[in-house]
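**Student:** Kindly return the folded structure for what I paste below:
(one chain, ligands or ions: 2)
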Amino acid sequence: MARILTGVQSTGVPHLGNLLGAYLPGVALSKKDENQALFFIADLHSITTLKDAELRRQNTLAVAAAWIACGFDTDKGILYRQSDVPEVCELTWYLNCFTPYPMLANAHSFKDKSNRLSDVNAGLFTYPVLMAADILLYDANIVPVGKDQLQHLEITRDIAGAFNRILGETFVIPEASIQQEVMIVPGTDGQKMSKSYQNTINIFQNDKDLKKNINKIVTGSQSLEESKDPELCTVYKLYSLLATDSEKAELAEKYRAGNFGFGTAKQILFERVMETFQNERKEFDRLSQNPDEVQQILLKGQHRAREISSLVLARVRKALGFSTM
Ligand code: ADP
Ligand code: TRP
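**Tutor:** Numbers count the residues shown, from 1 in each chain. Ligands and ions are numbered 1, 2, ... in the order given. Next comes the predicted model:
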């Protein structure tokens, strides 16, 4: 059995890029019989950039609801909130003491964030150590992540390796899993869709706002009559990620033929999005109106996650010469 573990920060409501790039592939992996999946909401990590408690609470529920709405089976797999397993903070301290300072100082994501953000706190600096604790606390074998997180996985492996060398085999060394075809979903402005660029398509908003959101996609300035190149159009690119080959060919033909405007293309994309995600949208809405149900699922996840984490932490404490009472 392979233990698959991944986390998503609770810094916003999941968007189309998150769904196609992380949630749906994660759920597909979790369904395989030979895998046990632990998916969690990285709410402790979110404090590095988000200080608003009420917003964090809402985003945490939204991330949990999105996992469930995307089909994550919370009886087969384990869905939990990072902060519900306080052992992770204890392990972070131990790992801090096995982490060379320059490894953190040279991490790309720290350099990027410390250049971009005004609040450069120590949590941003030690972010990868908390992430290593997330992974090592559960003996995870495989960690599905986006390309930007690969360095954090290398750091995790280095820390675990150093600990094992000094104190004996204690941690399982995890592997990263990057999707074969790394799909980068474009946002409304054509660059990578991301909360930080404010160019997201928010799949879980109401029909009217979703339509407005899709209408915001930036397109070329050709006249209605002119022939258009579909491969240069963000509307077509997004449609391609959701449509069958024959549907794609049909829309591409309309672009090339002319007398076909971007407004119509956006309407076609809107209808496709509504159809593709109708079940996920319905389930997300239902869960949003029943937060207690999500809360119960997370508490069940907490209980099951702690059954694993308490055993691993006892192993670590023993290796370090601490009591294991
Ligand atoms: P954001 O960039 O909006 O802040 P996150 O960094 O929280 O998103 O990403 C959460 C997950 O969604 C990660 O696994 C990431 O690889 C995936 N993801 C985010 N944006 C995209 C995108 N545009 N295309 C594909 N996957 C994405
Ligand atoms: N750092 C990850 C991100 O921003 C989220 C995360 C936190 C994570 N802990 C993790 C991902 C452990 C995988 C495993 O996307």
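
**Student:** CA atoms for contacts and neighbours, from now on please.
**Tutor:** Fine.

**Student:** and the residue of the stretch 201-325 of the chain nearest ligand 1?
**Tutor:** Going by C-alpha to the nearest ligand atom, ligand 1 is nearest to Ile201 of the stretch 201-325 of the chain, at 10.0 Å.

**Student:** Just give me the neighbour total for that residue.
**Tutor:** Ile201 is flanked by 26 other residues according to other C-alpha atoms under 10 Å.

**Student:** Phi and psi next, for it.
**Tutor:** Ile201 adopts backbone torsions of phi -110, psi 120, taken as degrees, to the nearest 10.

**Student:** Surely it touches Asn213?
**Tutor:** Yes. Assessed by C-alpha atoms under 8 Å, Ile201 is found in contact with Asn213 at 6.2 Å.

**Student:** Could you pull up the residues touching the residue of the stretch 201-325 of the chain closest to ligand 1?
**Tutor:** Shown in contact with Ile201 (C-alpha atoms under 8 Å, 6 or more residues apart in numbering): His15, Leu16, Gly17, Gly187, Thr188, Met193, Leu210, Asn213, Ile214.

**Student:** Nearest to Asp52 among those residues?
**Tutor:** His15 (20.2 Å; C-alpha to C-alpha).

**Student:** Around ligand 2, pick out the residues from the stretch 51-200 of the chain.
**Tutor:** Neighbours of ligand 2 within the stretch 51-200 of the chain, by C-alpha under 6 Å from any ligand atom: Met131, Asp134, Ile135, Val143, Val145.

**Student:** Now list the buried members of those residues.
**Tutor:** Buried members of these, scored by 16 or more other C-alpha atoms under 10 Å, are Met131, Asp134, Ile135, Val143, Val145.

**Student:** Where does pLDDT dip in the stretch 101-250 of the chain?
**Tutor:** 179-182 (pLDDT under 70).

**Student:** mind running it again at 90?
**Tutor:** 116, 145-149, 178-184, 195-196 (pLDDT under 90).

**Student:** Tell me which residue of it lies closest to ligand 2.
**Tutor:** Closest point on the stretch 101-250 of the chain to ligand 2, by C-alpha to the nearest ligand atom, is Met131, at 4.2 Å.

**Student:** That residue and Gln151 touch, don't they?
**Tutor:** No. Contact criterion C-alpha under 8 Å: Met131 and Gln151 do not qualify, at 11.2 Å.

**Student:** Would you mind listing what in the stretch 151-300 of the chain touches ligand 1?
**Tutor:** When proximity is defined as C-alpha under 6 Å from any ligand atom, the stretch 151-300 of the chain approaches ligand 1 at Met183, Ile184, Val185, Pro186, Lys192, Met193, Ser194, Lys195, Ser196.
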